[in-house]
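Trainee: Okay, here's the prediction I keep looking at, along with the sequence it came from:
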Amino acid sequence: MKMTVQSHATAAVLLSVIATISVSSACTNEPPVACVSPGFQCVAPGGRIQFDGTSSYDPDGYIADWMWSYPSSAYNVTRTDWSRFGCNIDTPGSYYFDLYVTDNEGSGSADGGRANVVSVQTIQYYDPDPNLGWSSVGALYVALGTTVTFRALPWPTGSYWPSGVPVWGGTSGASGTGGTTSVQFNTLSTSLTDYKTVTVTCGGTLVVNVVVYELYPYWEFFDDFEGRARNRCGLQEYAELAYMTDPDGLSNLPIAWKKLSGVGSLNGTSYYAEHTAGSVSLRCEVTSGPSAGIGTTYNWSVVAPSGASMTRVRPNNVWHIYSWASAGIALYYWLGPTDVSFSALDFGEGSCPATNVTGDYVTYPPGNHAQNGPVGICGGDVVNGCRVSPEDHAWEWAQF
């Protein structure tokens with residue numbers, strides 16, 4: 001009997017525990033899980049914003065209610081089966097969208113997504129200088145023939161460009177869609193206000209004004225006589241190097257002359273041929289900005305005097321020097337070649353012995369003819385060459 005009583009008591013305790021477990025399990029509810037995709041998206045102004053909440057679920061029941069929270073500027077709002085949401089927004093910015101779900105037991109949870117309505121923030125161009133890279137720009141000066149790559153940065157920061165935007169255009173011939181475009185500027189500006197524009201549009205339009213110029217290097221020799229060679233110069237000649245642009249009026253452009261190789265020296269825009277004949281290579285080049293590296297190279301020759309000639313100062317210029325039988329003549333020395341100048345040089349005669357002519361005739365003065373000079377050299381003459389100045393006098397006399 002004693003064992004039976006104990007068995008009944010144990011059974012009662014077990015039934016009580018089972019009942020407690022059953023009641024407790026019936027009162028436990030797992031909340032639903034809200035899921036929104038995509039978590040982030042970018043659209044152009046007026047583009048369609050769409051979120052999908054169909055992945056939301058309830059682990060121990062079903063979702064009884066769906067509720068979307070969205071900006072007041074949204075329009076054309078749709079809620080397909082309430083699990084999918086769509087709308088349009090015109091104003092660029094960053095917007096948040098939330099989905100609240102409630103299950104059949106009254107529990108709820110939330111998830112959300114963000115949509116950026118994208119506009120153009122700024123335009124940049126790519127600078128050939130690797131230390132500069134992309135640089136913001138509103139106006140550019142580019143040499144004819146330059147190819148420039150532009151890119152548009154989106155706003156809000158961190159956005160990506162949706163398909164089909166931004167749209168490139170302008171009088172430069174820029175075209176296409178997407179974040180970048182490249183333009184070759186092959187049409188010269190006719191004035192400083194004849195802009196070849198680059199435009200980019202998405203939620204507004206930004207413009208880059210581009211002046212396209214052509215570079216015309218030139219130089220002036222110190223002795224720049226009519227008909228002289230333009231790519232040759234004499235020893236110790238100077239040349240001032242410069243440039244013009246079309247359209248004119250451009251100043252402070254990043255343009256410089258460079259000596260690439262050869263004889264002579266370059267100081268800023270002044271070239272000095274120095275004392276050694278040879279060749280020299282000079283270049284006028286854009287040094288920075290989108291046209292960096294564009295320019296023209298010129299090869300010159302630096303020449304030494306290659307010969308000399310003499311002419312009378314005046315026709316029939318012969319005269320008696322002394323009361324004895326005598327005659328004199330005034331001469332000019334000319335240095336060639338005739339198409340360059342040696343005006344920076346000095347000229348001197350070497351000494352030579354006197355010459356017996358016939359019998360008592362001797363070259364004046366008796367004895368040696370002394371060195372003459374150094375004397376200056378006048379400017380160039382494309383017909384005769386460079387003239388030694390002053391004139392040289394020679395005479396002879398006879399004694400009986």
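Mentor: Received, thanks. Predicted model, so just to flag it, every value in this text is computed and none were measured. Numbers count the residues shown, from 1 in each chain.

Trainee: Residue 168 against residue 202, yeah?
Mentor: No - Residue 168 is beyond contact range of residue 202, at 10.2 Å (criterion: Cβ atoms under 8 Å). C-beta: built from backbone N, CA, C; applies to glycine.

Trainee: how about the strands of the stretch 151-300 of the chain, start to end?
Mentor: 167-169, 180-184, 198-201, 205-221, 232-234, 238-246, 255-262, 265-267, 270-272, 278-286, 295-303 (DSSP state E, counting those that start in this stretch).

Trainee: Please identify the deepest-packed of the ones you listed.
Mentor: Neighbour counts (mean count of other Cβ atoms under 10 Å) averaged over each of these peak at strand 232-234, with a mean of 25.

Trainee: Show me what that strand packs onto, helices and strands only.
Mentor: strand 295-303 (3 or more Cβ pairs under 8 Å, 6 or more residues apart in numbering; DSSP states H and E).

Trainee: ok, then the element right after the strand it packs on?
Mentor: As assigned by DSSP states H and E, the chain's next helix or strand after strand 295-303 is strand 307-312.

Trainee: how distant is that following strand from the center of its chain?
Mentor: 54 Å (Cα atoms, centre = their mean, to the nearest Å).

Trainee: buried stuff in it?
Mentor: Residues of strand 307-312 include none that count as buried (16 or more other Cβ atoms under 10 Å).

Trainee: What is that strand packed up against?
Mentor: Packing contacts for strand 307-312, counted by 3+ Cβ pairs under 8 Å, 6+ apart, involve strand 325-336.

Trainee: thinking again about what came up before, what about the strands of the stretch 151-300 of the chain, which gets the closest to residue 375?
Mentor: Residue 375 sits nearest to strand 232-234 of all these, at 16.7 Å, using Cβ to Cβ.

Trainee: same question for that closest one, mean pLDDT?
Mentor: Confidence over strand 232-234 (mean pLDDT, whole number) is 97.

Trainee: Sheet partners, orientation included, of that strand?
Mentor: strand 295-303 (parallel) (DSSP bridges).

Trainee: orientation of the partner strand relative to strand 238-246 in degrees?
Mentor: Inter-element angle recorded for strand 295-303 and strand 238-246: 160 degrees (by axes from the mean of the first three to the mean of the last three Cα atoms, to 10 degrees).

Trainee: who touches strand 295-303?
Mentor: Strand 295-303 is touched from outside by 215, 217, 231-235, 237, 255, 260, 262-264, 273-274, 276-286, 337, 340, with contacts defined as Cβ atoms under 8 Å, 6 or more residues apart in numbering.
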